[in-house]
Structure formats: structure tokens, C-alpha cells
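**Student:** this one's sequence-less:
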């Protein structure tokens, strides 16, 4: 049981570090090139931080659902606890 808790803590710590690093990099003005969708919206046309989810120029609701579904799939099938 202790090893499983340790694995979970390490996994979530690494995810938190990646999220923090991604936030710092986008606030520094570094964005991916190209378009995020077929209508021609670029990655830098969306705001940084929580404004990307809850602001007037936020990512569309279907895009937010897609992001959360992808994270759920990673949790269920890729980042499994292997014993």
C-alpha cells in the first residue's frame, strides 16, 4: 500500500511540475506555431492562465471537454500503476 501511495505522489508531483513549466513558458510569450483548429485560430490568439478557460476569448467548450477527456484517457490507460 505504501508503494502505491508513493507512486501516486511522484506521478502527481511530476504533472504539477509540467503544468507550472507550461504556464511559465506561455506567459513568457513562447507559443506553438501553426493553427489550433481548421478555422485558422492560432495558438497565441488565446489568453494565458485561467483566462484561457473562463474569459471572453477562452477556448471553446468542446475544446475544453476534449482536453479533459484526453487527460482522463492518459490517467486510465497510459499512466497506470504497474506492480
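**Tutor:** Yep, it's here. Computed from a predicted structure; not experimentally measured.

**Student:** rest of the way, CA atoms for contacts and neighbours
**Tutor:** Will do.

**Student:** Quick check: which element contains the residue lying closest to residue 26 once chain neighbours are set aside?
**Tutor:** Nearest residue to residue 26, sequence neighbours excluded (C-alpha to C-alpha, 6 or more residues apart in numbering): residue 48, at 6.6 Å. Following DSSP states H and E, one finds residue 48 outside all helices and strands.

**Student:** Could you check how many residues crowd around residue 48?
**Tutor:** By other C-alpha atoms under 10 Å, the residues close to residue 48 number 17.

**Student:** which ones are touching it?
**Tutor:** 23, 26, 27 (C-alpha atoms under 8 Å, 6 or more residues apart in numbering).

**Student:** what's the burial count for the first one?
**Tutor:** Applying other C-alpha under 10 Å, we find 13 other residues in the vicinity of residue 23.

**Student:** Could you look up the SS state of residue 64?
**Tutor:** Assigned with DSSP: H, G, I helix; E, B strand; the rest coil, residue 64 falls in the helix class.

**Student:** Number the residues from 153 up from this point.
**Tutor:** Done: numbering now begins at 153, and the last item shifts to residue 216.

**Student:** Please report how far it lies from residue 204.
**Tutor:** 9 Å (C-alpha to C-alpha, to the nearest Å).

**Student:** cool, residue 170 as well?
**Tutor:** Taken as C-alpha to C-alpha, the span from residue 170 to residue 204 is 17 Å.

**Student:** which residues of this structure fall in helices?
**Tutor:** For the chain, applying DSSP state H gives helices covering 154-179, 203-206, 213-225.

**Student:** now for those helices, which one comes closest to residue 193?
**Tutor:** Closest to residue 193 of the helices of the chain, according to C-alpha to C-alpha: helix 213-225, at 12.6 Å.
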